[in-house]
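# model this:
(2 chains)
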Number of protein chains: 2
Amino acid sequence: MNPSKLKSSWEALVAHKSFILACHVQPDGDCLGAALALARTLRSLGKDATVISQDPVPDHYRFLPESDTIVHTSDRRYFEVGVVVDCDQPSRTGTAAELINSAKITARIDHHLTKENFGDIQIYEPNISSTSELIVELFDAVGIEIDQATATMLMTGIVFDTGGFRYSNATSRTFEIASRFAAMGVSPSEIVRSVFESRPLRAAKLLGRALSSMQETQDGKIVWAELSNRDYIDLDADDSCTEGIVNTVAAIKGPRVVMLLREIEPGIVRASLRSRDGFDVNKVAAAFGGGGHAAASGCTIEDTLQQARNKLISEVRRWMES
Amino acid sequence: MNPSKLKSSWEALVAHKSFILACHVQPDGDCLGAALALARTLRSLGKDATVISQDPVPDHYRFLPESDTIVHTSDRRYFEVGVVVDCDQPSRTGTAAELINSAKITARIDHHLTKENFGDIQIYEPNISSTSELIVELFDAVGIEIDQATATMLMTGIVFDTGGFRYSNATSRTFEIASRFAAMGVSPSEIVRSVFESRPLRAAKLLGRALSSMQETQDGKIVWAELSNRDYIDLDADDSCTEGIVNTVAAIKGPRVVMLLREIEPGIVRASLRSRDGFDVNKVAAAFGGGGHAAASGCTIEDTLQQARNKLISEVRRWMES
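Reported below is the predicted structural model:
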């Protein structure tokens, strides 16, 4: 979005007085950072702004300023403007959807590439690292000064969505923003530590089991790791412990496709697929009713770990040979 | 170092014609990137510059432009200027020390905090992320334009020494440099991928064993992981597979001290210690003849894994209680 379009969208937004900003279910650093930054800024302009999240704020995001102001339900039924943050439609916000849908005006602020066209006001740009970075562009376009607390919120979103500045979506502009916020006293390394380096011990051990289980096909083109339902039970681990495992598994040399298979319940296997060299794992996931992007995709297969693995390998092979 | 001091040091350096630039033993991304950038720039000024490294260039640094020009031995015995790069004295360069010591003029370009005072010319600044970042400051101070290949070399050093922009040594200025180099077409994410995310499968499995072995003291203040000599043999892994393991082990929530114990030979245990909240693990390492920094230190103990662990825990406790 160009600055003038950002400006007109912002003006349309702040013509109103009360706002409900809804996070997507299982909110992540970008969603939380963006929603909090937006709410803080609206409040500084004398607006009435509430952030709602169906799901609790994960412990490792409690350091975010004003994270304790986030509500999970609301007795109040009416807000002038309902905003979906870091997602493309109200249904992604779970139980908050009703509040969005009953608002006079709806808005979407997001960077996810989708075909959805939700929102009377749309602040939307898919070619940007994160919703938080989009908000920096928005505030810069309209001349809103970003204070240290807001910068901490937005830096958290950028850190999360760029994998701590490691993904290719971290552009020259992303680093420029990081430089500017660091000069204001925001510490990227402390945010990285909270977001990525504060695993519970059981999550570290679960990651250990995944890595230890790694195997490769004879030609080395496909590598996979498996976690059985037994592994989760042994370690008293839940799904929140899975965050980031597939990326660590995929940080190896050689294969075109890396898969993490998790038996989330006996007979139900969730697969996360990662690819390199342009191989499209989205096609593989789609064959099992899943989806995602060409380089990162996922699906669920009702079968044993072993059978699910064999099915996935066959499907990957089919596309590799086609 | 201020710009004028950088300028006078550079002028003293380029008053000469032939240079041998020596890497420290087991060269890392910063050492290689800095030495290659310096050699390329000296050559562009019509100088004769050779980079020497006793040890081979690790596979994951082969992407560096001109990395194939690095020599490991030299028949030529005389260079006007001998430079130690990313270390504080010739002995750190192994077999290259002789060439440095027989040069007419010696120089050191480095960011490591030491008491050593080596070099007729010293380009030295401990308050900077990396020798590579110091070279950016040097080139900026003297007005040397950094081309894309040189930027790739220097970005690699910065990426390595900041853990992919994740450590607290990545400052506002570091991000500014990353932004500038990214705008020139250098890809931080590709460099991160080569440097940190290209493990051999056996290294991933070794990391898995380390994480799976993690234990904590009852109060949760000390966490450790262990790798036995058997683990290395089982996985056909060597010491190069150990890189980064301690940092992944330490990326957990709670403890003040994290230890990785590696039985490198039966009865010889190498310990890497990491701390938080200002606890000084250097004192612990020193008790066993080792050393390092307050937050990251190491030592070698001749004993069984179990005994070494018990000794280390006792020593940590002693300092925690003092």
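
# the strands in the stretch 1-150 of chain A, which residues?
With strands called from DSSP state E, counting those that start in this stretch, the stretch 1-150 of chain A shows them at A:18-23, A:48-52, A:81-85, A:105-110, A:121-124.

# So which of those is nearest residue A:267?
Proximity to residue A:267 (Cβ to Cβ) singles out strand A:18-23 among the strands of the stretch 1-150 of chain A, at 32.1 Å. C-beta: built from backbone N, CA, C; applies to glycine.

# Of all the strands of the stretch 1-150 of chain A, which one comes closest to residue B:212?
With respect to residue B:212, and counting by Cβ to Cβ, the nearest of the strands of the stretch 1-150 of chain A is strand A:18-23 at 34.3 Å.

# so for the closest one, what's the average pLDDT?
Across strand A:18-23, the average pLDDT comes to 98.

# again with stretch A:103-110
Stretch A:103-110 shows a mean pLDDT of 97.

# And the contacts of it?
By Cβ atoms under 8 Å, 6 or more residues apart in numbering or on different chains, the residues outside stretch A:103-110 that reach it are A:13, A:16, A:20, A:34, A:38, A:78-90, A:100, A:118-124, A:131, A:134-135, A:138.

# ok so, going back, compare the strands of the stretch 1-150 of chain A and give me the one nearest residue B:301.
Nearest to residue B:301 among the strands of the stretch 1-150 of chain A is strand A:18-23; the distance by Cβ to Cβ comes to 49.5 Å.

# Show me what the closest one is packed up against.
If contacts are counted by 3 or more Cβ pairs under 8 Å, 6 or more residues apart in numbering or on different chains; DSSP states H and E, strand A:18-23 sits against helix A:29-44, strand A:48-52, strand A:81-85, helix A:97-101.

# Residue of the stretch 1-150 of chain A closest to chain B, please.
Closest approach between the stretch 1-150 of chain A and chain B, counting by Cβ to the nearest Cβ: residue A:60, at 7.6 Å.

# can you tell me which residues contact that residue?
Counting by Cβ under 8 Å, 6+ apart, residue A:60 makes contact with A:194-195, A:198, B:253.

# Mind telling me the two of those farthest from one another?
Taking Cβ to Cβ, the two most distant members of those are A:195 and B:253; they sit 11.7 Å apart.

# re the thing from before, as JSON lines, the strands of the stretch 1-150 of chain A with distance to residue B:184 and mean neighbour count would be great.
Below are these laid out as JSON lines (distance: least, Cβ to Cβ, whole Å; neighbours: other Cβ atoms under 10 Å in any protein chain shown):
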{"stretch": "strand A:18-23", "distance to residue B:184": "37", "mean neighbour count": "26"}
{"stretch": "strand A:48-52", "distance to residue B:184": "39", "mean neighbour count": "22"}
{"stretch": "strand A:81-85", "distance to residue B:184": "34", "mean neighbour count": "28"}
{"stretch": "strand A:105-110", "distance to residue B:184": "30", "mean neighbour count": "24"}
{"stretch": "strand A:121-124", "distance to residue B:184": "29", "mean neighbour count": "22"}
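
# so can I have TSV of the ones you listed showing distance to residue A:96?
Listed next are the strands of the stretch 1-150 of chain A as TSV, based on distance: least, Cβ to Cβ, whole Å:
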stretch	distance to residue A:96
strand A:18-23	4
strand A:48-52	5
strand A:81-85	9
strand A:105-110	12
strand A:121-124	18
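
# Of all the ones you listed, which one is nearest residue A:239?
Nearest of the strands of the stretch 1-150 of chain A to residue A:239, taken as Cβ to Cβ: strand A:18-23 at 18.1 Å.

# by how many degrees do that closest one and strand A:105-110 diverge?
Inter-element angle recorded for strand A:18-23 and strand A:105-110: 40 degrees (by axes from the mean of the first three to the mean of the last three Cα atoms, to 10 degrees).

# Residues contacting strand A:18-23, please?
Residues outside strand A:18-23 that contact it (Cβ under 8 Å, 6+ apart): A:31-32, A:35, A:38-39, A:42, A:47-55, A:70, A:74, A:79-86, A:90, A:93, A:96-97, A:99-100, A:103.

# buried sites along stretch A:66-84?
By 16 or more other Cβ atoms under 10 Å in any protein chain shown, the buried positions in stretch A:66-84 come out as A:67, A:70, A:79, A:81-84.

# again, but for stretch A:136-155
Buried residues in stretch A:136-155 (16+ other Cβ under 10 Å): A:136-139, A:141-142, A:146, A:150-155.

# Same check on stretch A:254-271?
Going by neighbour count (16+ other Cβ under 10 Å), the buried part of stretch A:254-271 is A:255-263, A:269-271.

# Name the nearest of the residues you listed relative to chain B.
Comparing these against chain B with Cβ to the nearest Cβ picks out residue A:255 as the nearest, at 8.7 Å.

# Touching, that closest one and residue A:276? I think so.
Yes: taking contacts as Cβ atoms under 8 Å, residue A:255 lies within contact range of residue A:276: 7.4 Å.

# show me what contacts residue A:201?
Residue A:201 makes contact with B:214, B:216, B:223, B:252, B:254, according to Cβ under 8 Å, 6+ apart.

# and the next element down the chain from the strand or helix carrying the third one?
What it means is residue B:223. Assigned by DSSP states H and E, residue B:223 falls within strand B:222-227. On the C-terminal side of strand B:222-227, the closest following helix or strand by DSSP H and E is helix B:229-235.

# thought residue A:165 was touching residue B:188?
Yes: using Cβ under 8 Å, residue A:165 is in contact with residue B:188, at 6.9 Å.

# which neighbours do the two share?
Any residue near both residue A:165 and residue B:188 by Cβ under 8 Å, 6+ apart counts here, and that gives A:175, B:164-165, B:178.

# Which of the residues you listed fall within helices?
Among the shared contacts of residue A:165 and residue B:188, DSSP state H puts A:175, B:178 in helices.

# What is the nearest of the shared contacts of residue A:165 and residue B:188 to residue A:302?
Among the shared contacts of residue A:165 and residue B:188, and counting by Cβ to Cβ, the member closest to residue A:302 is residue B:164, at 38.2 Å.

# and the closest one, how far is that from residue B:218?
To residue B:218, residue B:164 is 35 Å away according to Cβ to Cβ, to the nearest Å.

# now the helices: where do they sit in chain A?
Counting by DSSP H, one finds helices in chain A at the ranges A:3-14, A:29-44, A:97-101, A:131-142, A:148-161, A:172-183, A:188-196, A:201-212, A:229-234, A:245-250, A:281-286, A:305-321.

# Now tabulate those in TSV and tack on distance to residue A:297.
As requested, the helices of chain A are exported to TSV (distance: least, Cβ to Cβ, whole Å):
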stretch	distance to residue A:297
helix A:3-14	31
helix A:29-44	20
helix A:97-101	26
helix A:131-142	22
helix A:148-161	18
helix A:172-183	24
helix A:188-196	22
helix A:201-212	18
helix A:229-234	22
helix A:245-250	11
helix A:281-286	4
helix A:305-321	11
